[in-house]
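Structure for the following, please:
(2 chains)
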Amino acid sequence: MGEEVGGSTGVKGLLALLRGEQCDVSEGVKGTFNYSRRRKLLFILSITVLLTVVSVLALGVGAVDIPVRDSLKVLGELFFPQWVDGPEADYYSKIIINSRAPRVVLAIITGISLATSGVVMQGLLRNPLVSPFTLGLSSAASYGAAMALVFGPALLGASYYGSISFLGGTFSHKNLFIILLAFISGMSSIFLVLAIAKTQHLAQSVMILSGIVVSYLFTAGISFMKYISEDNTLREITLWLMGGMWGASWSAVAILIPIIVVCFILMERCAMDINTLSSGDDVARNLGVNVHRLRIYGLTVSSLMTSSCLAFTGVIGFVGLMAPHICKMVIGNDHRYLLPASALLGALILLVSDTVARMIMRPIELPVGIIMYLIGGAFFIWLVTRRSGRYLT
Amino acid sequence: MILSVENIDQSYGNNHVLTGLNFEVESGEVVALLGPNGSGKSTLIKTMCHIFPPKSGRVAVDNRNVSEIEPMERAKLIGYVPQTVQYAPFTTVLDTVLVGRRPYVQWSYSENDLEIAAEALETMNILDLRDRYINELSGGQRQRVFIARALAQHPHFYMFDEPTSSLDLRHQLKTMRVMRDIVQEEGCAMVVAMHDLNLALRYSDKVLMLKERHAHSYGGPDDVINPNSIQEVYEVRSSVVNNEQGAFILPYE
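Got it, this is the predicted structure:
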């Protein structure tokens, strides 16, 4: 991104742009272009800073409060042991490293994956109201996860409780099986919705309605799974459906980070093609884009991203709707910038919500899903009823 | 360069839209496509752009079948402006026009891309709107943005599906004049589907009149657009009025 326009290359050019050089709108098209680029980059930068600050604060919040200074010391000791001394109390390190840090990281990557999928789905289907949640993908992925929990022990036998070591990490078979079934189930929901909506030429309202119907179908499936499951499994499934970060562990994070990073890069590479779709399928085709392939590819990658996170967190709604819309209003619809901006904002929204969920009834933790339903529901109503923007056709 | 439509058939399911159609567009020409609603004008435009490949027959540029040309290379040859413009809210006018540069860029826009976009905005008289969101504009302004996007695409053959349908009188004439000039100056070619017979008469070099899936007549505008053909194709009576500005068609019931 640093090599655009005006011979300003690399970091030097980027810094010049951020300082506001050649960014005068009255200087014609180049000025307007640089002004808007600067605005996008500054927005992304601010969210990054805010996310970093909130992450450090979130590490200190919980049943035991840890001062910010000590949280920083724990991080310092972790990354630069030769230069930074540890915190005053030893157990601070244990709490942060073993319990809170994986949770914060899980909230961040789940936020990234939900928001990225939201932007990609909205861009690919040219429908501002679609997201992993509204298309039924969240329920479907949870259904897959519930199936894995209920049938896993019977299908995989003793190996269900085993694990494999790969690239220095240990991954439990159970978690990998959950991701696999969540992904297959999530994908099938997306293509079911598409198949229904395609009969009506992908009409926006039909797509939302099919999302609701498919979501109900999978919810029925989940109820069935609950009905036939044993007590322990039932509790596990129930907790999941509330949507929370209890599943956080370093092994979960170690599985998810490579998936999310690779999927995000794959999506970012399609950003220019997604931009052409905003002018309609025919125009995109005329501009050399294989629309059908792009749509299948993008939806598959975003389903993989979402399903694998949801396999650990359960149903979390609305992040994929809120983050993209707020970003679009601030920086516009250029997906090259919109994808990273939404991803970071999604991470911020989910992390703040999860931290609030941990604080609000201390020492009891609320599932973050409940908080997201409250905020997200209100946002959705505002989105559909606002006069400007004309969201539904 | 010559774009030739060779014996094409086109259909949606069992609904045949075009049958056995032949004609050619040469560099430096403006060809008007005329015909009543449902006569296949839009389908022909989309077939020529390879948005819908023909069911049989072929569309060729200099004897190369367009379906065998790489998509990005094809995008540099043939540009398209649809009848109804679609857009995503919160896309700026400049970003929309820059999308036309997609076949030429991988990731970042160069200085040259910006200059071409600026020129396209200037040509369509929308340079002041460049930082506005496209959802804030009027229908006519939006249509001009989409024409500017096609100009930024810089193809050799422009395919326009009723590009002036939302424009006021002044901008209709101005847009047709601008396109006419571009075709003459750059030696490219343009095919325009339209309903306004007088615009076709005034600004086109050739006219293809479609009726019920077939070509009714094809030739110079003065030869094709006359009360007889209008009666046969549109089932409307008309007369030709001559004044110092040239000939005009006056339709009546």
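
pretty sure residue A:100 contacts residue A:64?
No. Using C-beta atoms under 8 Å, residue A:100 is not in contact with residue A:64; the gap is 9.8 Å. Any C-beta I mention is one placed from the backbone N, CA and C, and that applies to glycine too.

what's near enough to touch residue B:47?
B:5, B:8, B:10, B:18, B:53, B:54, B:59 (C-beta atoms under 8 Å, 6 or more residues apart in numbering or on different chains).

Of these, just the buried ones, ChimeraX syntax please.
Burial among the contacts of residue B:47 is assessed by 16 or more other C-beta atoms under 10 Å in any protein chain shown; the matching ChimeraX selection reads:
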select /B:5,8,10,18,54,59
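
just curious, which of the contacts of residue B:47 is nearest to chain A?
Nearest to chain A, judged by C-beta to the nearest C-beta, of those is residue B:53 at 10.5 Å.

That closest one: what secondary structure?
Here residue B:53 is recorded as coil under DSSP: H, G, I helix; E, B strand; the rest coil.

Let me know the distance separating it from residue A:285.
Per C-beta to C-beta, to the nearest Å, residue B:53 is found 11 Å from residue A:285.

So residue A:100 and residue A:64 - more neighbours on which side?
residue A:100 (22 against 12; other C-beta atoms under 10 Å in any protein chain shown).

quick one, helices of the stretch 101-250 of chain B?
Using DSSP state H, counting those that start in this stretch, the helices of the stretch 101-250 of chain B run over B:111-123, B:139-153, B:169-186, B:197-203, B:221-224, B:227-234.

Just the buried residues of the second one, please?
Yep, that's helix B:139-153 we're talking about. Residues B:140-153 are the ones in helix B:139-153 that count as buried (16+ other C-beta under 10 Å).

go on, the longest one?
Using 16+ other C-beta under 10 Å as the burial criterion, the residues of helix B:169-186 that qualify are B:171, B:172, B:174, B:175, B:176, B:178, B:179, B:180, B:182, B:183.

what pLDDT does the residue lying closest to the third one once chain neighbours are set aside get?
Sequence neighbours aside, residue B:125 is the residue nearest to residue B:174 in space, at 7.5 Å (criterion: C-beta to C-beta, 6 or more residues apart in numbering or on different chains). Here, the pLDDT recorded for residue B:125 equals 90.

Go ahead and confirm residue B:125 touches residue B:145.
No. Contact criterion C-beta under 8 Å: residue B:125 and residue B:145 do not qualify, at 10.9 Å.

ok, the closest residue to chain B within the stretch 51-200 of chain A to residue A:276 distance?
Of all residues in the stretch 51-200 of chain A, residue A:126 sits closest to chain B, at 6.5 Å by C-beta to the nearest C-beta. Between residue A:126 and residue A:276 the distance is 11 Å, computed by C-beta to C-beta.

which of those two has more neighbours?
Remark: of residue A:126 and residue A:276, residue A:276 carries more neighbours, 25 against 20, as counted by other C-beta under 10 Å.

Can I take it that that one is in a helix?
Yes. Assessed by three-state DSSP, residue A:276 belongs to a helix.

quick one, phi psi at residue B:56?
With angles defined as degrees, to the nearest 10, residue B:56 sits at phi -150, psi 170.

ok now do it, which residues does it touch?
Here residue B:56 is in contact with B:7, B:8, B:9 (C-beta under 8 Å, 6+ apart).

what about the one helix or strand the last one maps to, near chain A?
Mapping residue B:9 onto the secondary structure by DSSP states H and E places it in strand B:2-12. No. Strand B:2-12 does not reach chain A (C-beta under 8 Å from any C-beta of the partner chain); its nearest approach is 12.0 Å.

So for the helix or strand that that strand is followed by, what gets flagged as buried?
Proceeding N to C from strand B:2-12, the next assigned helix or strand is strand B:15-26, under DSSP H and E. Neighbour-count burial for strand B:15-26 flags B:17, B:18, B:19, B:21, B:23, B:25 (criterion: 16+ other C-beta under 10 Å).

Relative to the whole chain's centre, how far out is strand B:15-26?
16 Å (C-alpha atoms, centre = their mean, to the nearest Å).

Quickly run through the sheet partners of that strand, with directions.
When pairing is defined by DSSP bridges, strand B:15-26 lines up against strand B:2-12 (antiparallel).

CA atoms only: put the strand it pairs with into CSV for me.
Provided in CSV are the C-alpha atoms of strand B:2-12 (Å, rounded to 0.1, in the frame of the first residue of the first chain):
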residue,chain,number,x,y,z
ILE,B,2,-13.1,-4.7,-36.7
LEU,B,3,-15.5,-6.3,-34.3
SER,B,4,-17.7,-8.8,-36.1
VAL,B,5,-20.9,-10.5,-34.9
GLU,B,6,-21.1,-13.7,-36.9
ASN,B,7,-24.4,-15.5,-37.1
ILE,B,8,-25.1,-15.5,-33.4
ASP,B,9,-28.0,-17.0,-31.6
GLN,B,10,-28.8,-16.1,-28.0
SER,B,11,-31.4,-17.3,-25.6
TYR,B,12,-32.4,-17.4,-22.0
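
which outside residues touch that strand?
Residues contacting strand B:2-12 (C-beta under 8 Å, 6+ apart): B:16-27, B:40, B:43-44, B:47-48, B:52, B:54-63, B:78, B:157, B:189.

isn't residue B:206 right up against residue B:33?
No. Between residue B:206 and residue B:33 there is no contact under C-beta under 8 Å: 10.0 Å.

The two: who's more crowded?
residue B:33 (27 against 20).

strand partners of the strand or helix carrying the more buried one, parallel vs antiparallel please.
Using DSSP H and E, residue B:33 sits in strand B:30-34. Paired with strand B:30-34 in the same sheet, following DSSP bridges, are strand B:189-193 (parallel), strand B:206-211 (parallel).

Tabulate the ones you listed (TSV), appending distance to residue A:109.
Below are these laid out as TSV (distance: least, C-beta to C-beta, whole Å):
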stretch	distance to residue A:109
strand B:189-193	50
strand B:206-211	56
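
Count the residues that sit near residue A:162.
Going by other C-beta under 10 Å, the residues that sit close to residue A:162 add up to 11.

Now do the contacts for it.
A:172, A:173.

now do 10 Å
Going by C-beta atoms under 10 Å, 6 or more residues apart in numbering or on different chains, residue A:162 touches A:156, A:172, A:173, A:174.

residue contacts, residue B:209?
Residue B:209 neighbours (C-beta under 10 Å, 6+ apart): B:32-36, B:39, B:41, B:197, B:200, B:215-219, B:224-225, B:229-230, B:232-234.

hey, what's the residue nearest the centre of chain B bridged with?
A centroid search over chain B (C-alpha atoms, centre = their mean) returns residue B:160, at 1.6 Å, as the residue closest to the centre. Per DSSP bridges, the residues bridged to residue B:160 are residue B:81, residue B:192.

I'd guessed it sits against residue B:82; true?
Yes. The criterion here is C-beta atoms under 10 Å, and residue B:160 meets it with residue B:82 at 9.1 Å.

what's the overlap in contacts for those two?
The contact sets of residue B:160 and residue B:82 overlap at B:45, B:146, B:150 (C-beta under 10 Å, 6+ apart).

now, which of those sits nearest chain A?
Comparing the shared contacts of residue B:160 and residue B:82 against chain A with C-beta to the nearest C-beta places residue B:146 closest, at 7.3 Å.

May I ask you to name the longest helix in chain A?
Ordering each helix of chain A by length in residues (DSSP state H) puts helix A:29-60 first.

How about it and chain B, touching?
Yes. Shown here: helix A:29-60 in contact with chain B (C-beta under 10 Å from any C-beta of the partner chain) through A:29, A:30, A:31, A:32, A:33, A:34, A:35, A:36, A:37.

Give me the average confidence score over that helix.
93.

Just name whatever secondary elements that helix is in contact with.
Counting contacts by 3 or more C-beta pairs under 10 Å, 6 or more residues apart in numbering or on different chains; DSSP states H and E, helix A:29-60 is packed against helix A:10-19, helix A:68-79, helix A:101-125, helix A:319-331, helix A:335-359, helix B:93-99, helix B:111-123.
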